[in-house]
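# Sequence isn't available, so here's the structure alone:
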């Protein structure tokens, strides 16, 4: 199996980020790390969107990934970053396999509301857990990477490399997944699920697998965020955070894996500047942009690229 | 025995507040098939309007309770209907005919906008409007003490419920709305101006949200973000009861209200998530809520 064109592009982009990390300022390294981490959660939302489902509760798995990292370091003394991320994925997959049984029965608003409810349940539990710091959350301890112990000062750069590597792996996987039988079946379900059943496929099975993978990726995003930020708190599960992920997913569109990364970077950069310049009106800007996207770019910013290409050919 | 009475009374008070908050949401969904995420912001708008009006009235030396209450109602209805008109004519009108889920995101965008508009108008300092609450004193029911204001909220809630029922079941507009709910295209063909009905419905739904906020203003401190907290609870109530059904909203409010009261009096640590747990539990057995109706999927 040779490399596809978009796979080469993704690998080149990842290498470019790795090299750029030597020259760009520290804050940009941190911002890029956060953008990659959010993009992973967003990819989970995009996966569900391709199947016609909107999740207002992806923050649930984002939060579990974050807390798994924090608690693994705090209570179990695990410091290896990859092991911590893996623990988050294991917990997430176990929960998603359970919730998926229920959630795959629902569509549209009921799916959106149930996912929202589950993430709010986690939020409610965490807020009342005093040994986990209630609403303040707690700090994530120092981490190591395999045999390598990042010295202080070089921390953020190593973190970016880790995020880029993990992000690349997920992006390559999803790129193949979207073109696979099950990935294409998800799009078919969005168009018409009864016909999918006529073709001899089980829509619930497809949605179930899709949901569990989306959850696992969301958890990885949460783990990377908490490793980079060094702190976790219950707002990770609050529904407005999940709303932000839906926002970024719409901004990027479902056309290509890379769209989520670009959209997440734009979102985080805009937020960073807007919060500084207009502290009391940046949400308003977000809302207006969101309305404009829905009205004029219903397939997200990625449609700008594809539209141009079609004109050129 | 004391706990049982306390649970019943607290549950009833909380349930009537929930119904007030959820009524507008369910009216708008029932007619327009839009689950309005900005409903919480309308609630907050009403609360801010009422709080500033009461503050202005009492600071100016007024001390008449009934004038204060009338001002709450008038300000909330006015600002809610106005905001509803702007939202429907300015934004939602452009989006009709799209997916229900997309409308959810559109209203989420409006929520983001409204939250900041309120910050720009009222700032971030809290507003207090405790005077009407204090003026109505407390009553003894058996061995329990209940504040008069909260009893009034129960009354307002029942009145709103009855008014809605009368409006939908006994008036001409109500009949037209029910025909739209039943079949939009056929009623359009019969000469119903569906777009105007949508505007009216959205304004009324928005005003109901603002009334809920206005009535609540004297009990809470009005700060940025009150709406965001309220909206998910209101969602839980209407989804539990069955989207778009007034009876459903009332029953959903009672169930959620009582469940929360039980948890507060017996297991306070569960208070925050009991609402969602009830909703999830109901949806497991009734996927479209208690009074919701399943729709056939297209082939």
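Arrived safely, thanks for sending. Remember, it's a predicted structure, so these values are computed and weren't measured experimentally.
# What lies in contact with stretch B:259-269?
A:128, B:3, B:6-8, B:10-11, B:14, B:270-271, B:274-275, B:278 (CB atoms under 8 Å, 6 or more residues apart in numbering or on different chains). C-betas here are computed from N, CA, C, even on glycine.
# In strands only, show me the residues you listed.
The strands, defined by DSSP state E, take in nothing from the contacts of stretch B:259-269.
# and stretch B:163-181, how far from the chain's centre?
19 Å (CA atoms, centre = their mean, to the nearest Å).
# do you know how far residue B:39 is from residue B:111?
Counting by CB to CB, to the nearest Å, the separation of residue B:39 from residue B:111 is 8 Å.
# er, residue A:64 actually
26 Å.
# for residue B:226, same thing?
Taking CB to CB, one finds residue B:226 at 13 Å from residue B:111.
# list the contacts for the nearest residue to residue A:247 once chain neighbours are set aside?
Nearest in space to residue A:247, with sequence neighbours left out and distances taken as CB to CB, 6 or more residues apart in numbering or on different chains, is residue A:290 at 5.8 Å. Counting by CB under 8 Å, 6+ apart, residue A:290 makes contact with A:247, A:250, A:251, B:105, B:108, B:109, B:112.
# who touches the second one in this structure?
Contact analysis of residue A:250 by CB under 8 Å, 6+ apart lists A:290, A:293, A:294, A:300, B:105.
# possible to save those residues as TSV with secondary structure and distance to residue B:249?
Shown next, in TSV, are those (DSSP: H, G, I helix; E, B strand; the rest coil; distance: CB to CB, whole Å):
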residue	secondary structure	distance to residue B:249
A:290	helix	28
A:293	helix	32
A:294	helix	28
A:300	coil	35
B:105	helix	23
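# Among those residues, give me the pair with the biggest separation.
A:300 and B:105 (12.5 Å; CB to CB).
# residue ranges with poor pLDDT in the chain?
All of this refers to chain A. Applying pLDDT under 70 to chain A flags the ranges A:1-2, A:146-154, A:306-313.
# ah, no, chain B please
B:1, B:293-299.
# Give me the common contacts of residue B:226 and residue B:111.
residue B:40.
# how far away is the residue in the stretch 101-250 of chain A positioned nearest to chain B from residue B:233?
Chain B sits closest to residue A:124 of the stretch 101-250 of chain A, with a gap of 3.2 Å, by CB to the nearest CB. Distance, residue A:124 to residue B:233, by CB to CB: 11 Å.
# Check residue A:222 too.
25 Å.
# Compare those two and say which one has the larger neighbour count.
Taking other CB atoms under 10 Å in any protein chain shown, residue A:222 and residue B:233 do not tie; residue A:222 has more neighbours (32 against 20).
# State the number of residues packed around the closest residue to residue A:61 other than its chain neighbours.
Closest residue in space to residue A:61, ignoring its immediate chain neighbours: residue A:218 at 3.6 Å, by CB to CB, 6+ apart. Counted with other CB under 10 Å, residues neighbouring residue A:218 total 33.
# so what's residue A:218 up against?
A:40, A:41, A:44, A:45, A:58, A:60, A:61, A:62, A:65, A:92.
# In three-state terms, label the last one for me.
Judged by DSSP: H, G, I helix; E, B strand; the rest coil, the three-state class of residue A:92 is helix.
# quick one on the thing from earlier: from the contact counts, what lies against the helix or strand hosting the residue of the stretch 101-250 of chain A closest to chain B?
In the assignment (DSSP states H and E), residue A:124 maps to helix A:108-128. Applying 3 or more CB pairs under 8 Å, 6 or more residues apart in numbering or on different chains; DSSP states H and E, we find helix A:108-128 packed against helix A:59-75, helix A:81-103, helix A:239-252, helix B:100-122, helix B:226-241, helix B:271-285.
# now with 6 Å?
Other helices and strands packing on helix A:108-128, by 3 or more CB pairs under 6 Å, 6 or more residues apart in numbering or on different chains; DSSP states H and E, are helix A:59-75, helix B:100-122, helix B:226-241, helix B:271-285.
# Which SSE is immediately downstream of the longest one?
Right, the one you point to is helix B:100-122. Defined by DSSP H and E, the subsequent element after helix B:100-122 is helix B:131-135.
# Next: the third one.
Proceeding C-terminally, helix B:226-241 gives way to helix B:246-266 as the next helix or strand, assigned by DSSP H and E.
# That next one vs helix B:271-285, what angle?
140 degrees (axes from the mean of the first three to the mean of the last three CA atoms, to 10 degrees).
# Next, report how far helix B:246-266 is displaced from the centre of its chain.
Relative to the chain's own centre, helix B:246-266 is displaced by 15 Å; criterion: CA atoms, centre = their mean.
# how far away is the residue nearest to residue A:61 from residue A:163?
Taking CB to CB, one finds residue A:218 at 15 Å from residue A:163.
# next one: residue B:90
Distance, residue B:90 to residue A:163, using CB to CB: 40 Å.
# Neighbour count: the two, which is higher?
When residue B:90 and residue A:163 are compared for neighbours, residue A:163 comes out ahead with 26 against 11, by other CB under 10 Å.
# which element is the more buried one on?
Here residue A:163 is covered by helix A:155-179, with elements defined by DSSP H and E.
# what comes up buried for that helix?
A:155-164, A:166-168, A:170-172, A:174-175, A:177-178 (16 or more other CB atoms under 10 Å in any protein chain shown).
# same for it, what does it pack against?
helix A:5-20, helix A:26-50, helix A:203-229, helix A:257-277.
# picking up where we left off before, correct me, but the residue of the stretch 101-250 of chain A closest to chain B touches residue B:271?
No. Using CB atoms under 6 Å, residue A:124 makes no contact with residue B:271, being 7.9 Å away.
# tally of neighbours for residue A:278?
Residue A:278 has 14 neighbours, counted by other CB under 10 Å.
# nope, residue B:151 is what I meant
Counted with other CB under 10 Å, residues neighbouring residue B:151 total 18.
# Skipping adjacent residues, who's closest to it in space?
residue B:139 is the one closest to residue B:151 (CB to CB, 6+ apart), at 6.7 Å.
# SS state for the one you found?
strand.
# what residues are up against residue 116?
You didn't pick a chain, so chain A it is. Contact partners of residue A:116, counting by CB atoms under 6 Å, 6 or more residues apart in numbering or on different chains, are A:56, A:57, A:239.
# nope, chain B please
Residue B:116 neighbours (CB under 6 Å, 6+ apart): A:281, A:283, A:284.
# thinking the last one is in contact with residue B:114, fair?
No. Counting by CB under 6 Å, residue A:284 does not reach residue B:114; the two are 8.5 Å apart.
# rewinding a little: give the residues shared as contacts by residue A:124 and residue B:233.
Shared contacts of residue A:124 and residue B:233 (CB under 6 Å, 6+ apart): none.
# Near residue 126, how many other residues are there?
I went with chain A, as the question did not name one. 24.
# try chain B instead
Neighbour tally, residue B:126, other CB under 10 Å: 13.
# Now do it against chain A, distance only.
15 Å (CB to the nearest CB, to the nearest Å).
# quick one: that residue and residue A:258, what's the gap?
In terms of CB to CB, residue B:126 sits 45 Å off from residue A:258.
# What parts of chain B come near chain A?
When proximity is defined as CB under 6 Å from any CB of the partner chain, chain B approaches chain A at B:35, B:100-101, B:108-109, B:112-113, B:115-116, B:119, B:232, B:235, B:239, B:269, B:272-273, B:276, B:279-280, B:297, B:299.
# where do the strands sit along the stretch 51-200 of chain B?
Taking DSSP state E, counting those that start in this stretch, the strands of the stretch 51-200 of chain B run over residues B:138-141, B:144-147.
# For the last one, which strands pair with it and how are they oriented?
In other words, strand B:144-147. Under the criterion DSSP bridges, strand B:144-147 sits next to strand B:138-141 (antiparallel) in its sheet.
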